[in-house]
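**Student:** Can you look at this prediction? I've put the sequence above it.
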Amino acid sequence: MRKVEIFDPAMCCSTGVCGPSVDPELTRVASAIYSLEKKGFDIKRYQLTNDPDKFAENQEVTKILNKKGPDALPIILVNDLAVKVGSYPTNEELAEWFNVKAEELTKKPKARLSINLDNLK
């Protein structure tokens, strides 16, 4: 099974919905990761602000950051090898890495709600 790790730059949240404007790219990535996690795939996301130890412990990430600086972020590793530097993976790339359809990564989570109106009396 493939392992994908995403090393994010320093930011307040990984969803892209905080701050003065929404970043649609971060929202897309967060949604795709959520879908993959729900399917049981091995995908992790580390943020420089919250997980500096993960950056320091990873030799590949440390090497890239020493060479290119923080502008290299995000760094994407597949099975411990850097496959993308400076941008997030597309849904098509994620789908290829995990052998799923790209459309599966854009589906919104569905929740079923059951309401018993008899209990409202």
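**Tutor:** Arrived safely, thanks for sending. Residues are numbered from 1 along each chain as shown.
**Student:** ok, the closest residue to residue 92 other than its chain neighbours - contacts?
**Tutor:** In space, and not counting its chain neighbours, residue 92 is closest to residue 102: 4.9 Å by C-beta to C-beta, 6 or more residues apart in numbering. Where you see a C-beta, it was placed from the backbone N, CA and C, and this is true even at glycine. By C-beta atoms under 8 Å, 6 or more residues apart in numbering, the contact set of residue 102 is 91-92, 94-95.
**Student:** ok, residue 102 to residue 94 distance?
**Tutor:** From residue 102 across to residue 94, the span is 8 Å (C-beta to C-beta, to the nearest Å).
**Student:** Same check on residue 57?
**Tutor:** Residue 57 is 24 Å from residue 94, by C-beta to C-beta.
**Student:** Please say which of these two ends up with more neighbours.
**Tutor:** A direct count of neighbours by other C-beta atoms under 10 Å for residue 57 and residue 94 places residue 94 higher, at 24 against 11.
**Student:** pretty sure that one contacts residue 31?
**Tutor:** No. Contact criterion C-beta atoms under 8 Å: residue 94 and residue 31 do not qualify, at 10.8 Å.
**Student:** Give the residues shared as contacts by these two.
**Tutor:** In contact with both residue 94 and residue 31: residue 105, using C-beta under 8 Å, 6+ apart.
**Student:** Assess the claim that residue 32 and residue 90 are in contact.
**Tutor:** No. If you go by C-beta under 8 Å, residue 32 and residue 90 don't touch, sitting 9.1 Å apart.
**Student:** Which one's more surrounded, the two?
**Tutor:** residue 32 (25 against 15).
**Student:** which other helices and strands contact the helix or strand hosting the more buried one?
**Tutor:** For residue 32, the host element (DSSP states H and E) is helix 24-38. Helix 24-38 is packed against strand 42-47, helix 91-98, with contacts defined by 3 or more C-beta pairs under 8 Å, 6 or more residues apart in numbering; DSSP states H and E.
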